[in-house]
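Trainee: Provided below are the primary sequence and the corresponding predicted coordinates.
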Amino acid sequence: MDDSFYRAFEDRYRGSRDLITERLRVYLPFLDPLKDLYQDYPILDLGCGRGEWLELLQREGYAPVGVDLDEGMLQACQALGLPARNADALAALKELPDNSLVAVTGFHIAEHIPFPVLQEVVAEAQRVLRPAGLLILETPNAESLVVGTNTFYLDPTHERPLPGLLLSFLAEHSGFARAKIVRLQERSELRAEDQKIGVWDVISGTSPDYAVVAQKPAAAEQLETFASAFDVAYGVALHELAMRYDHAIEQRLSAMETKLAENPGQDPGEQYVSYPGLQDAIERIHAHHAEQLKLLHENFQHSAEVHEDRFSQEAQAQEARFAGAVLAQEERFTEALLAQEQRFQDLVIAQEQRFTDALGAQEQRIIEASFAQEQRFSQGVEAHQHRFSESVIELQQRCFHLQNSLAQAHEHHSNAVQELEQVRSELNASLGHAHHWYLRAVAYEQQLQEMQSSTFWRVTSPARWSVHTVRTAPGAAVGIVRGSGRKVLGAAVQFVLGRPMLHQRLNTALKRSPRLYMALKSVVHNHGMMPDAALASSLPSDSSVPAHLEGLSVEARQIYHDLKKAIDQKDRG
C-alpha cells in the first residue's frame, strides 16, 4: 500500500494531533507511580505513527523511543524531531535486554498483526519490562456493534477484531500479574445513569476503543501504588446499555399499565386503533405498496428499454470507432514495418561494409605480425643454436677433465691397493714372528718351572740365596728409592683419576709428547697404579685378539688393534 495513501487515510479518520493527544492523557495516571520506583523512565512505543504519544511522554519527563514501518508516518515524527526509527515491533523488542524498560505501549497496532506474532510481542514485552512495568495495548472495541460490524473494516490493513477478554487473557497467560480493560472514547452523556437511551444508543453507544493495561509482577507494596488507576471503572459496556434500555422500556410499559388501571371507564377506542380499523389501514397500505411497486416496475422497464437502445447505439458507434482505429493502426504498423525493414537493410549494408574494412585491416595486421614473428623466431633459433654449440663445447671440455680425473683416481686406487697388500704382508710376517717368540717364551717358561720343581734346585737354594744377596745388596737402596717414587706416582695417579676434568686436561697435555706419554702409561699399567676400570676405559672398544695371542701385553694389543683398524679401512676403501 502506498505510504502517502495511508497517511492521508489516518489524517482523515484518526483525528487531529490535538484530539489524539488529549485522548492519550487517560494513561498518565497509570505511568505516574513509575517515577517513584525508578530513576530513569525508558519507554518503547510500538507503531508510533505520527508521534502524538512520544511528544506527550517527552513533555511529562519520560524517555520514549518509537518504531514504525510506515515511512509516511515517520516523516511526521522526523519533522518534529521526535525519537523514532524504521523498525519492526517484534525485532525491536528482541534487541533489548531483560528488565530494561518501564513501559511498552502500542496504540492500534494489535489489530494489524497476526495473532501468533501478537503472542510473541506480548511475551517479549513481559521479558524486557522491569518489575511493576506496564504494557499498554489500545485497539478498536469489537464489543461495539457499529465498530465490530462496520468501522473496524474501514481500515484495509486490519487483520481481525480482538475482544477485550481475549487480549486481557493473553497478557495474564504471558506472565503479567494483572490486566485491566480500559474502555475509551464513548459519548460523555451516556455515562449518566438517568440519561434516556434508545436502540441506536445500544447499537453505537458502547466505547469504540479499549485498551488492556497489564502490569509485570513486583512486590505487593510496589503494586499497591498503582491501585488508584487500576480500581477505576472506565467507559460504557454493551451489556450496561442494553440493561438500561430494557429497564427504560419496562418503566414505560409499567406507566401505561398504571394509566389504564387509573381510567377503567374510558373507551379504549378513543385512545387506541380498533382491529377492523387496523385491518383496513393495513389493506390500504398493501394496496399503496402494490401500486408503488407496479409504478416502479413500469419505470424500470422503460429505463431498461431506453438504456438498451442507448447501449446498442453506443456499441455500434464503439464498434465503428474500433474498426477505424484498427485500420489506422494496421496502416501505421505497415508503414512502420516498411521503414524498419529499410533501416534494417541499410544497417546490414553498412555493417557489411564496416566488417569488410575491418577484415582487410585485420588481415594486413596479421600479415605484418606474422612477418615480424617469423623474424623474431629466426633470430631466436640462431641465438639458441649458438648457445647450444657453446654448451656442447663446454660439455666436451668437462668430459675431458672428468676422464683425466677418473684416470688419476684409478692410478691412486692401484697404488693404495699395492700399499695395502704390502702392509698386510708385513703385518702377517710380524704376527708370525710374534707368535714364534711367544711359543719360545712359553717353552722357556715350562723349562724354568720344571727346573724350579727339581731336587737340585731345592738343594742349591741356600747357595743361590747367598749369591743373590751379595749381588743385589747394592741395588736395594735403589729399589727402595724406586718404590718410594712409585708410591708417590701412584698417589698422584689416584689424585688425577679422582678429578675427571684434571685427568682430561693432563691427558691432552701429555699426548703432545708421545714418548713421555707412552713411558708414563707403561709404568702406570705395569706397576698396577691404574684401576682395572680405568685401564679398560683406556683400551679401544674393540680390543679383542685371537685366542693364540691372549698373552700379549697392553701395548701389543693396542698395536694389534691399530693395525687391524688400518687394514679394515683399506679394505673398505
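Mentor: Everything's here; your move.
Trainee: tell me the centre residue of the chain?
Mentor: Taking CA atoms, centre = their mean as the criterion, residue 95 is the residue nearest the geometric centre of the chain, at 17.5 Å.
Trainee: neighbours of residue 499, how many?
Mentor: Neighbour count of residue 499, defined by other CB atoms under 10 Å: 11. Every residue, glycine included, has its C-beta placed from N, CA and C.
Trainee: excluding sequence neighbours, find me the nearest residue to residue 217.
Mentor: Setting aside the residues directly before and after it, residue 217 is nearest to residue 177 in space (CB to CB, 6 or more residues apart in numbering), at 4.3 Å.
Trainee: what backbone torsions are found at the one you found?
Mentor: Dihedral pair for residue 177: phi -70, psi -40, per degrees, to the nearest 10.
Trainee: now do the buried residues in the helix or strand encompassing residue 255.
Mentor: Per DSSP states H and E: residue 255 is located in helix 238-262. Counting neighbours by 16 or more other CB atoms under 10 Å, one finds that the buried residues in helix 238-262 are 238, 240, 241, 244, 245.
Trainee: can you name every helix or strand that that helix contacts?
Mentor: Helices and strands touching helix 238-262, as assessed by 3 or more CB pairs under 8 Å, 6 or more residues apart in numbering; DSSP states H and E, comprise helix 199-204.
Trainee: which elements pack onto whichever helix or strand comes after the helix it packs on?
Mentor: On the C-terminal side of helix 199-204, the closest following helix or strand by DSSP H and E is strand 209-215. Counting contacts by 3+ CB pairs under 8 Å, 6+ apart, strand 209-215 is packed against strand 129-140, helix 164-173, strand 178-184, helix 227-230.
Trainee: strands paired with the first one, and their directions?
Mentor: In this case it means strand 129-140. For strand 129-140, the paired strands and their directions (DSSP bridges) are strand 101-107 (parallel), strand 209-215 (antiparallel).
Trainee: of those, which is nearest residue 400?
Mentor: Evaluated with CB to CB, the strands paired with strand 129-140 place strand 101-107 nearest to residue 400, the distance being 97.9 Å.
Trainee: what ranges does the stretch 301-450 of the chain have for its helices?
Mentor: Assigned by DSSP state H, counting those that start in this stretch, the stretch 301-450 of the chain shows no helices.
Trainee: in it, mark out all the strands, start to finish.
Mentor: Defined through DSSP state E, counting those that start in this stretch, the strands belonging to the stretch 301-450 of the chain form an empty list.
Trainee: swap in the stretch 1-150 of the chain?
Mentor: 42-46, 63-68, 84-86, 101-107, 129-140.
Trainee: list the buried residues in the shortest one.
Mentor: Judged by neighbour count using 16+ other CB under 10 Å, the buried positions of strand 84-86 are residue 84.
Trainee: so how many other residues sit close to residue 182?
Mentor: 22.
Trainee: then the one 10 residues further on?
Mentor: A total of 9 residues lie near residue 192 under the criterion other CB under 10 Å.
Trainee: look up the pLDDT of it for me, please.
Mentor: Here, the pLDDT recorded for residue 192 equals 71.
Trainee: can you put the strands paired with strand 129-140 in JSON lines and add mean neighbour count?
Mentor: JSON lines is the format used below for those (neighbours: other CB atoms under 10 Å):
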{"stretch": "strand 101-107", "mean neighbour count": "25"}
{"stretch": "strand 209-215", "mean neighbour count": "25"}
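Trainee: and those strands as JSON lines, adding distance to residue 142 and mean pLDDT?
Mentor: Listed next are the strands paired with strand 129-140 as JSON lines, based on distance: least, CB to CB, whole Å; pLDDT from 0 to 100:
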{"stretch": "strand 101-107", "distance to residue 142": "16", "mean pLDDT": "96"}
{"stretch": "strand 209-215", "distance to residue 142": "9", "mean pLDDT": "95"}
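Trainee: of all the ones you listed, which lies closest to residue 348?
Mentor: strand 101-107 (67.6 Å).
Trainee: can you give me the angle the closest one makes with strand 42-46?
Mentor: With axes from the mean of the first three to the mean of the last three CA atoms, to 10 degrees applied, the angle from strand 101-107 to strand 42-46 works out at 20 degrees.
Trainee: by how many degrees do strand 101-107 and strand 63-68 diverge?
Mentor: Our comparison of strand 101-107 with strand 63-68, counting by the same axes, to 10 degrees, yields an angle of 40 degrees.
Trainee: what is the least confident helix or strand in the protein?
Mentor: helix 532-538 (a mean of 45; mean pLDDT, DSSP states H and E).
Trainee: so how far is residue 451 from residue 458?
Mentor: For residue 458, the distance to residue 451 under the criterion CB to CB, to the nearest Å works out to 11 Å.
Trainee: same deal with residue 134?
Mentor: 135 Å.
Trainee: which of the two has more neighbours?
Mentor: The residue with more neighbours, out of residue 134 and residue 451, is residue 134; 26 against 10, by other CB under 10 Å.
Trainee: leaving out chain neighbours, which residue sits closest to that one?
Mentor: That would be residue 103: by CB to CB, 6+ apart, it lies 4.6 Å from residue 134.
Trainee: in contact with the one you found, which residues?
Mentor: Under the criterion of CB atoms under 8 Å, 6 or more residues apart in numbering, the contact list for residue 103 reads 31, 34, 41, 43, 44, 62, 129, 133, 134, 135, 136.
Trainee: neighbours of the nearest residue to the third one once chain neighbours are set aside, just the number please.
Mentor: This means residue 41. For residue 41, the nearest residue in space outside its immediate sequence neighbours is residue 62; the separation is 4.4 Å by CB to CB, 6+ apart. Residue neighbour count, defined by other CB under 10 Å, stands at 19 for residue 62.
Trainee: which pLDDT does the model give residue 62?
Mentor: 95.
Trainee: contact partners for it?
Mentor: 31, 41, 43, 102, 103.
Trainee: next: residue 158.
Mentor: Counted by CB under 8 Å, 6+ apart, residue 158 has contacts 111, 112, 140, 152.
Trainee: tell me which element it falls in.
Mentor: With DSSP H and E as the test, residue 158 turns up in no helix or strand.
Trainee: how close does it get to residue 404?
Mentor: Plainly put, residue 158 is 109 Å away from residue 404 if you go by CB to CB.
Trainee: for residue 250, same thing?
Mentor: Between residue 250 and residue 404 the computed distance is 144 Å (CB to CB).
Trainee: now do residue 425
Mentor: Between residue 425 and residue 404 the distance, using CB to CB, works out to 32 Å.
Trainee: do residue 159 as well
Mentor: Using CB to CB, we find residue 159 at a distance of 105 Å from residue 404.
Trainee: now do residue 356
Mentor: Separation of residue 356 from residue 404 (CB to CB): 72 Å.
Trainee: ok, now residue 205?
Mentor: Relative to residue 404, residue 205 is positioned 129 Å away (CB to CB).
Trainee: give me every residue that touches the closest residue to residue 176 other than its chain neighbours.
Mentor: Counting by CB to CB, 6+ apart, residue 214 is the residue found nearest to residue 176 once chain neighbours are left out, at 3.9 Å. With contact set as CB under 8 Å, 6+ apart, residue 214 has these partners: 122, 134, 135, 136, 137, 168, 171, 172, 176, 178, 179, 180.
Trainee: residue 229 touches residue 29, doesn't it?
Mentor: Yes. The pair residue 229 and residue 29 passes the contact test of CB atoms under 8 Å, sitting 4.3 Å apart.
Trainee: wait, residue 511 touches residue 517, no?
Mentor: Yes. Taking contacts as CB under 8 Å, residue 511 lies within contact range of residue 517: 5.5 Å.
Trainee: and the two? Which one has more around it.
Mentor: The residue with the greater number of neighbours, taking residue 511 and residue 517 and applying other CB under 10 Å, is residue 517; the counts read 14 against 11.
Trainee: am I right that that one is in a helix?
Mentor: Yes. According to DSSP: H, G, I helix; E, B strand; the rest coil, the state of residue 517 is that of a helix.
Trainee: how near is it to residue 71?
Mentor: Spatial separation of residue 517 from residue 71 under the definition CB to CB is 106 Å.
Trainee: same check on residue 53?
Mentor: Plainly put, residue 53 is 19 Å away from residue 71 if you go by CB to CB.
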